[in-house]
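A.B. asks: Kindly generate the corresponding structure for this input.
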Amino acid sequence: MSAPTTIFMDECGYTGEDLLNPDQPVFVLGTLNFSEEEAVALKNRFFSDIQAAELKHASMPKRSAQRRMVTNFLRHLAVDQPGRALAYIANKKFTLVCWLVDSLVETPMHERGFNLYERGGNIALANLIHAALPFMNGDELLRRFQKLIREKSADAYVSLFRFLAEEQRKAPAEIGELLSLIGTFDHVYGSRALEEVQGFSLTFGVSAALELMASWRAVTPGEMVLVHDRSSEMRKASELWSLVVDPSVAPAVVGYDRRKTQFPIAVKETRFEDSKSFAGLQLADVFAGAMTYWARFASDPAHEYGKALREVVPMEFICDGLVPSDAVTPEELGTDSVNAGDPIEHTMSILLGGGGRSKG
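C.D. replies: Residues are numbered from 1 along each chain as shown. Reported below is the predicted structural model:
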């Protein structure tokens, strides 16, 4: 049996439950498929002029020489080592919009027998709401929604839905329809509405990590070992994580249209290590940080580093994520295809033991 494949992972832009932090609007998980020996060689090749013992991308954008080191490293990954780097990118404001759709729109629709996840309906609606935010006092809407899912208090609930009703009365017809759709939650659940509000998970990055490792699983034979920075918030959910990605989970394919995950994900071991001791974690930090700058500034012609990153970062670096677009039809979204099992139900069955382990 071949040795497990090593995947190094690091994150950039994590702000916990605060998805409206104006200084860090993007969250990125970066992964590299290299052994530690390969990572040491890459660190020596591209970053040997940096005197610090530990590479940290946070300081590199300030120095032109170090920006060139990063772009040379990324160019090498893109041209000479294709298929060795993957990133998950989340626009945090759009992530909050997606959570609003899942919590306040999908939930009552599901109770009425309608599956909003079919053919990407939830993504299309999130794109519509995100595009309409400037026309509906959207920042205040998201601020009140975030307060609700963080506190789950009666005061936060009343504040949100009173605001929705007021905004709906003065909004143009198209915007009013979107606000009405969100407000349906209160009409459906009435006095038990607060019980139905889905609280926000501190470890929302875990779902991003799961998607990334599922992408690696699709192209990686055998089992994997994941090495993550020990300072990651994901460490708090390490026990649940280990259950979901266990190689002995029974085979299954779950998900909707193109958004499918094949189990087992086959992460043999997840290790949370000190980045000072691993070149692989340091390079993952550089990669995640650079992809954060790419996501924020690549379209800004006046941003020198963003322009340089745009020239070297291929779309193949991106596995998926939560980024808004103007796509609203299944054809545009790439979601006009056959569904498999419900991913949430399958994950819960694994955590509760019902998903089982392979008996072979």
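A.B. asks: So for the one helix or strand Leu77 maps to, what gets flagged as buried?
C.D. replies: Using DSSP states H and E, Leu77 maps to helix 64-79. Residues of helix 64-79 classed as buried: Gln66, Arg67, Met69, Val70, Thr71, Phe73, Leu74, Arg75, Leu77, Ala78 (neighbour count, 16 or more other Cβ atoms under 10 Å). To be clear about C-beta, it is placed using only N, CA and C from the backbone, and glycine gets the same treatment.
A.B. asks: same deal with stretch 219-238?
C.D. replies: Thr220, Glu223, Met224, Leu226, Val227, His228, Asp229, Ser232, Met234, Ala237, Ser238.
A.B. asks: Could I get the CA-only coordinates of it as PDB?
C.D. replies: Extracted C-alpha coordinates of stretch 219-238, given in PDB (Å, rounded to 0.1, in the frame of the first residue of the first chain):
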ATOM      1  CA  VAL A 219      -7.900  13.300  -7.700                       C
ATOM      2  CA  THR A 220      -5.800  11.500  -5.000                       C
ATOM      3  CA  PRO A 221      -5.500   7.700  -4.900                       C
ATOM      4  CA  GLY A 222      -5.300   6.200  -1.400                       C
ATOM      5  CA  GLU A 223      -5.600   7.900   1.900                       C
ATOM      6  CA  MET A 224      -4.500  11.400   3.000                       C
ATOM      7  CA  VAL A 225      -2.900  13.000   6.000                       C
ATOM      8  CA  LEU A 226      -4.000  16.600   6.600                       C
ATOM      9  CA  VAL A 227      -1.500  19.000   8.400                       C
ATOM     10  CA  HIS A 228      -3.200  22.200   9.600                       C
ATOM     11  CA  ASP A 229      -1.900  25.100  11.700                       C
ATOM     12  CA  ARG A 230      -2.600  24.400  15.300                       C
ATOM     13  CA  SER A 231      -3.900  28.000  15.800                       C
ATOM     14  CA  SER A 232      -6.800  27.200  13.500                       C
ATOM     15  CA  GLU A 233     -10.400  27.500  14.800                       C
ATOM     16  CA  MET A 234     -11.000  24.100  13.100                       C
ATOM     17  CA  ARG A 235      -9.100  22.500  15.900                       C
ATOM     18  CA  LYS A 236     -12.100  23.100  18.200                       C
ATOM     19  CA  ALA A 237     -14.200  20.700  16.000                       C
ATOM     20  CA  SER A 238     -11.400  18.100  15.500                       C
END
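A.B. asks: And for it, what's in contact with it?
C.D. replies: Defining contact as Cβ atoms under 8 Å, 6 or more residues apart in numbering, one finds that stretch 219-238 is touched by 1-2, 4-11, 14, 16, 33, 83, 202-203, 205-206, 209, 213, 216-217, 241, 245, 247, 266-275, 278, 280-281, 284-285.
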